[in-house]
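Engineer: Model the structure of this input:
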Amino acid sequence: MTFLRSTYLRCRCSLMSTSWPVRRRTNLQNVLHEEHELLGGCFDETHDTGLLGPRSYHAPSSSADPFDQGAALCDLSGCLALMFSGEAATSFAETALSGRKLGVGECALEASLLGDGALASMPLCARSAEAEYLVWDFSPRSDTLDAWLSFLSRVDQGGVKPFEGLACTDLGDEFVSLLLAGPKAAEVLTDYLGEGQALPSDGGVANLVLDGRIPAIALHHQVGDLDCQLLLVAPRHARVIWRSLLSFSEVSPVGYLDLFDRASRELAPLGLLASTDRIVVEGSVLRSSGLTRRGWDFVGTRGLVG
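Structural biologist: Okay, the predicted model is just below:
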């Protein structure tokens, strides 16, 4: 499988150091801010979540629930987005993340546990190459996850550094993250694909070219019964894609609070991410939700209860 990023990012990654990046946002208004204002978007001025899209809209654009009858479109820009690579990438991912072990081109929601078994967060993870992983966290716990992964990457066990040489970079400003969720999401996105292209299957990742000219990364993840298609595009293409998606009668914009509420109803443990306090979850709950695998080869497993 080919690399899932642009040539620009390949070149950039070859220059990065092994230190953990400081999470910074160069602009607290993303490129779609004016688009959201025109649609009546309401924003979180405190930026506690890190997300730059609207938390809600003044009035729904349709009386029908797009999560049930169409496709809800949500701007998740500003989320924590990390890429780590190198010889230690796989061992780091499988130590820090407790979900299923990913093959190249696969993605999954996975729990990340602290050393005592408490929950750090539940990020979306993808394996984009043999020794390369991408991690996104759209929740209020993204800072906790960022700090925990940074600490874990520097662990020194009696002079042995198991993840030495791990390379990491912050991709938060490199992509605009747009999520389509609902029964019409795949149908809408398929309209942008040329001959020989296909959307990824559930739990998959694909490198696409939309309308024959706009490169994008697509991730497909079913959350309960909710079909979710995450689309990552460069900021310079975001406005065109946003307006184009909204030209479909089936598509309605939603704020991230509406998205989080619906996702939590589909997969109950996701509702825990609204809190930034210490969270302890029974292992049986995480395992039954597919967020944690059985075994003893990830951090926090001995602290799990149940």
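Engineer: make it CA atoms for all contacts and neighbour counts henceforth
Structural biologist: Noted.
Engineer: Next, find the distance separating the nearest residue to L113 once chain neighbours are set aside from T276.
Structural biologist: Leaving aside its chain neighbours, L113 sits nearest to L119 (4.7 Å; criterion: C-alpha to C-alpha, 6 or more residues apart in numbering). Distance from L119 to T276, counting by C-alpha to C-alpha, to the nearest Å: 10 Å.
Engineer: ditto for A126
Structural biologist: For A126 relative to T276 (C-alpha to C-alpha), the value is 24 Å.
Engineer: who's more crowded, those two?
Structural biologist: A126 (25 against 15; other C-alpha atoms under 10 Å).
Engineer: Tell me how far stretch 119-129 lies from the chain's centre.
Structural biologist: Relative to its chain's centre, stretch 119-129 lies at 7 Å (C-alpha atoms, centre = their mean, to the nearest Å).
Engineer: now stretch 146-153
Structural biologist: Counting by C-alpha atoms, centre = their mean, stretch 146-153 comes out at 17 Å from the chain centroid.
Engineer: can you map out the helices along the stretch 1-150 of the chain?
Structural biologist: Remark: helices assigned in the stretch 1-150 of the chain by DSSP state H, counting those that start in this stretch are 7-13, 33-38, 66-69, 89-96, 142-153.
Engineer: Adding distance to G165, write those out as a markdown table.
Structural biologist: Shown next, in a markdown table, are those (distance: least, C-alpha to C-alpha, whole Å):
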| stretch | distance to G165 |
| --- | --- |
| helix 7-13 | 13 |
| helix 33-38 | 38 |
| helix 66-69 | 43 |
| helix 89-96 | 9 |
| helix 142-153 | 9 |
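Engineer: buried ones in stretch 135-153?
Structural biologist: Neighbour counts over stretch 135-153 (16 or more other C-alpha atoms under 10 Å) mark 135-146, 148-150, 152-153 as buried.
Engineer: before we move on, what SS does L257 have?
Structural biologist: Look at L257: counting by DSSP: H, G, I helix; E, B strand; the rest coil, its state is helix.
Engineer: What separation is there between the residue nearest to L113 and C107?
Structural biologist: Using C-alpha to C-alpha, L119 is found at 20 Å from C107.
Engineer: Much appreciated, bye for now.
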